[in-house]
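In: A structural model of the following input is requested.
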Amino acid sequence: MEQTTEIPITTGKRLNIFKRILLYCLVISVVCAIALLFLRDNILAFILPVLPLDDGKTAAYYLDLYNIIVTEFGWTALVIIIAYAICDNKNASKVTLQAKEWAVKNHREFAVIVVVSFASVATTVALFALNQFPNSSDEYVYLYQAQTVSDGRLWYPASPVEEAFRFNHIAEKDGIRVGRFPPGWPLLMAIFLYVGVPAALVNIILGVLALFVFYRLALRLYGPLIATAGMSLLGISAFYIFNSASYFSHTSCVFEALVFTYGIYLYIDRKQPLFALMAGAALGLMLITRYYTAVLIGIPLCVMLFYHERLKSFKGFFWLAVGALPFFIYLLWYNYSITGDALEPVTVWAYDDEGLGFVNGHTLLKGLEHIMRRMLMFAYWVSPVMLLLYFVFLFRKRAANTDRVVYVEDYFFIFVIIGYLFYHEIGGNQYGPRFYFEAFPFLLLLVLRTVFAENIKWAKALIIASAIVMIVRLPLIAHREHMIVKERTDVYRLVAKANIQNAVIFVANGTSVRRPMPASDLTRNDIYYQASVLYAFDDAVSNNEVMKHFADRTFYRYVRRDEDPSGVLIKLKGHQ
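Out: As a prediction, this is how the structure comes out:
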């Protein structure tokens, strides 16, 4: 692939127009922030009565969201101020030019610095900000499934009292208890656990590997400038850092997506079956990790392969199939062993509401609402600048007849946006719009390639300003997430503080004010329900059954008022 070169086309007149627009945006941002801050009580008094107060979403929850919106206007104003200063300051331009030249000249050393810095920050976040806590039912179930695989099993017997020990995303059916998610990520995690890698570090290792593959892919396609700038923006974003510090499947999937894309490009260039095999294996692993994302990313690249190779592409498709086949067979065997039908995934077998399209209460309006919420999350966890530039440059690419079929991965982000319009789940607890995570690196590539190839000075200034703000606000995001984890683990901390042993805790309320966690996400127990302290869902019918089954234990109820981040433990009498 040919490397792009800088073509200076930005005129002083355009730069002056941009600076004027920046001033207008700055005024709007500052006015909005001040108005929202001083009118907060009046606005909340007006909107709270019409907002849904369910699923733990109390007035305190909405107040927290409101404060985030106010601060976002402040951060936007800061980005504009920094961008304006860069455009209007010759010394700043000189420093950025020198930094760019050094990074390009020493791109390998720079890549090592980025990787080491990312690994250090992500590890700190995982250990101290998130406290190694599976901060959602999804993450907990991934760990549950990884433990299941590590034990050489596909499922465990049903819990002693099904209603009391139910947990989101763990299905109990036909006498077995099994996690609902695809088997790829739990299998990969189990391999790391088998060789002694702590679960909290697995995604960080994969995040490092994904950064390296991203660097190699960008270096091959666009040269060292885009490679170093791209991996820098990726590595400093809270979106990438926190997902890599979590137990979600997205970091493994983005690694597989990058390897798949890199393998396709290598095969097109060199025509060697080894690269098609590598791409096929990555696609197969992605398929058993996140089915839908694999389809949304896999099809465009396969179309690109056919576009480049025409009839010769069938040789590449053969080796792709050979690489993916072992993983596909494993998926069919996994499904058949649990559901009795090789083509019926566990999640469909266990949950009637699972499916794509506007079914089971999912509507076009709800799907559009999800897109809007995910765009707002992207602005918070990354930057509104990257989102704006992506859509502007994608529109320009679509309008250019000669460019629209080149670098098909530019479309990945819009493909996942459209694809997940038809999926009913918003994603629950997440660090940014996680359903879009696998396409995030490719968004950066389109933005940076366009900005540097055309030497768009105003866009460069905005990107640099956004990068500075992303770094500055990272500790603040980490602190907020740490406080949310502290609120969510309230019941477990109370039990530890009281040194309770040989007991069952009936969880009557969810935890956390800022990001509510329902009671059905808190019934976290060991595989065989033999731990000193067990957590059960508080239910008038099943409580007696639990007390009879665990008659030798003491019993407590965890209760929390809606507006209070801390609850209390109430000791109960045994079975009457």
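
In: quick check: domain ranges of this protein?
Out: Per the record, the chain has its domains at 1-88+457-488, 355-439+447-454, 490-572, by automatic domain parsing.

In: of the ones you listed, which is nearest residue 255?
Out: When the domains of the chain are compared for distance to residue 255 using CB to CB, the nearest one is domain 355-439+447-454, at 9.3 Å. Placement of C-beta: from N, CA and C, glycine included.

In: what does the average pLDDT come to for that closest one?
Out: The average pLDDT within domain 355-439+447-454 is 90.

In: could you save the domains of the chain as CSV and add columns showing distance to residue 212 and mean neighbour count?
Out: Shown next, in CSV, are the domains of the chain (distance: least, CB to CB, whole Å; neighbours: other CB atoms under 10 Å):
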stretch, distance to residue 212, mean neighbour count
domain 1-88+457-488, 19, 16
domain 355-439+447-454, 17, 18
domain 490-572, 32, 17
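
In: let's have those in JSON lines, adding distance to residue 240.
Out: Converted to JSON lines, those look like this (distance: least, CB to CB, whole Å):
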{"stretch": "domain 1-88+457-488", "distance to residue 240": "10"}
{"stretch": "domain 355-439+447-454", "distance to residue 240": "8"}
{"stretch": "domain 490-572", "distance to residue 240": "20"}
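
In: and residue 203, which of those is closest to it?
Out: Checking those against residue 203 by CB to CB gives domain 355-439+447-454 as the closest, at 11.4 Å.

In: host element of residue 263?
Out: Using DSSP states H and E, residue 263 sits in helix 250-270.

In: render the CA-only coordinates of that helix in PDB, please.
Out: As requested, the backbone C-alpha atoms of helix 250-270 are provided in PDB (Å, rounded to 0.1, in the frame of the first residue of the first chain):
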ATOM      1  CA  HIS A 250     -14.700  -6.100  23.500                       C
ATOM      2  CA  THR A 251     -10.900  -5.800  24.000                       C
ATOM      3  CA  SER A 252     -10.400  -9.400  22.800                       C
ATOM      4  CA  CYS A 253     -12.800  -8.700  19.900                       C
ATOM      5  CA  VAL A 254     -11.000  -5.500  18.800                       C
ATOM      6  CA  PHE A 255      -7.700  -7.400  18.900                       C
ATOM      7  CA  GLU A 256      -9.200 -10.100  16.600                       C
ATOM      8  CA  ALA A 257     -10.800  -7.500  14.300                       C
ATOM      9  CA  LEU A 258      -7.400  -5.800  13.900                       C
ATOM     10  CA  VAL A 259      -5.600  -9.100  13.200                       C
ATOM     11  CA  PHE A 260      -8.300 -10.000  10.700                       C
ATOM     12  CA  THR A 261      -8.000  -6.600   8.900                       C
ATOM     13  CA  TYR A 262      -4.200  -6.800   8.900                       C
ATOM     14  CA  GLY A 263      -4.200 -10.300   7.600                       C
ATOM     15  CA  ILE A 264      -6.600  -9.400   4.700                       C
ATOM     16  CA  TYR A 265      -4.300  -6.500   3.600                       C
ATOM     17  CA  LEU A 266      -1.200  -8.700   3.900                       C
ATOM     18  CA  TYR A 267      -2.800 -11.400   1.800                       C
ATOM     19  CA  ILE A 268      -3.900  -8.800  -0.900                       C
ATOM     20  CA  ASP A 269      -0.300  -7.500  -1.100                       C
ATOM     21  CA  ARG A 270       1.600 -10.800  -0.900                       C
END
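
In: after it comes which helix or strand?
Out: The element immediately downstream of helix 250-270 (helix or strand, assigned by DSSP H and E) is helix 273-287.

In: pull the CA atoms of that next one into CSV?
Out: What follows is helix 273-287 as a C-alpha-only set of coordinates in CSV (Å, rounded to 0.1, in the frame of the first residue of the first chain):
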residue,chain,number,x,y,z
PRO,A,273,-2.0,-18.4,2.1
LEU,A,274,-0.5,-18.0,5.6
PHE,A,275,-1.9,-14.5,5.9
ALA,A,276,-5.4,-15.7,4.8
LEU,A,277,-5.2,-18.4,7.4
MET,A,278,-4.2,-15.8,10.0
ALA,A,279,-7.1,-13.6,9.0
GLY,A,280,-9.5,-16.6,9.0
ALA,A,281,-8.5,-17.7,12.5
ALA,A,282,-9.0,-14.1,13.8
LEU,A,283,-12.4,-14.0,12.1
GLY,A,284,-13.3,-17.4,13.6
LEU,A,285,-12.3,-16.4,17.1
MET,A,286,-14.2,-13.1,16.6
LEU,A,287,-17.3,-15.0,15.5
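
In: which residues touch the helix or strand just after it?
Out: Taking DSSP H and E as the definition, the helix or strand that follows helix 273-287 towards the C-terminus is helix 291-309. Applying CB atoms under 8 Å, 6 or more residues apart in numbering, the set of residues contacting helix 291-309 from outside is 182, 253, 257, 260-261, 264, 267-268, 283, 286-287, 313, 316-317, 320, 345, 356, 405, 408-409, 411-412, 415-416, 419-420, 423, 435, 438-439.

In: which SSE is immediately downstream of helix 291-309?
Out: Next helix or strand after helix 291-309 toward the C-terminus (DSSP H and E): helix 313-339.

In: what packs against the longest helix along the chain?
Out: The helix spanning the most residues in the chain, taking DSSP state H as the definition, is helix 457-488. Judged by 3 or more CB pairs under 8 Å, 6 or more residues apart in numbering; DSSP states H and E, the packing partners of helix 457-488 are helix 12-38, helix 59-87, helix 224-236, helix 238-244, helix 384-399, helix 440-453.

In: low-confidence ranges in the stretch 51-200 of the chain?
Out: Within the stretch 51-200 of the chain, the stretches with pLDDT under 70 are 55.

In: look up how far residue 435 lies from residue 168.
Out: Between residue 168 and residue 435 the distance, using CB to CB, to the nearest Å, works out to 18 Å.

In: let me fix that, I meant to ask about residue 179.
Out: Relative to residue 435, residue 179 is positioned 19 Å away (CB to CB).

In: now do residue 199
Out: Shown here: residue 199 relative to residue 435, a distance of 23 Å by CB to CB.

In: and if you look at residue 331?
Out: Residue 331 is 20 Å from residue 435, where distance means CB to CB.

In: and if you look at residue 67?
Out: 26 Å.

In: before we move on, what about residue 293?
Out: For residue 293, the distance to residue 435 equals 8 Å [CB to CB].

In: if you tally nearby residues, what's the number for residue 239?
Out: Residue 239 has 26 neighbouring residues, counting by other CB atoms under 10 Å.

In: related to what we said a few turns ago, so which of the domains of the chain gets nearest residue 242?
Out: domain 355-439+447-454 (3.6 Å).

In: pull the distance from that closest one to the chain's centre.
Out: Centroid displacement of domain 355-439+447-454 relative to its chain, using CA atoms, centre = their mean, to the nearest Å, is 13 Å.

In: any idea how far apart the tips of it sit?
Out: Domain 355-439+447-454 stretches 43 Å from its first residue to its last (CA to CA, to the nearest Å).
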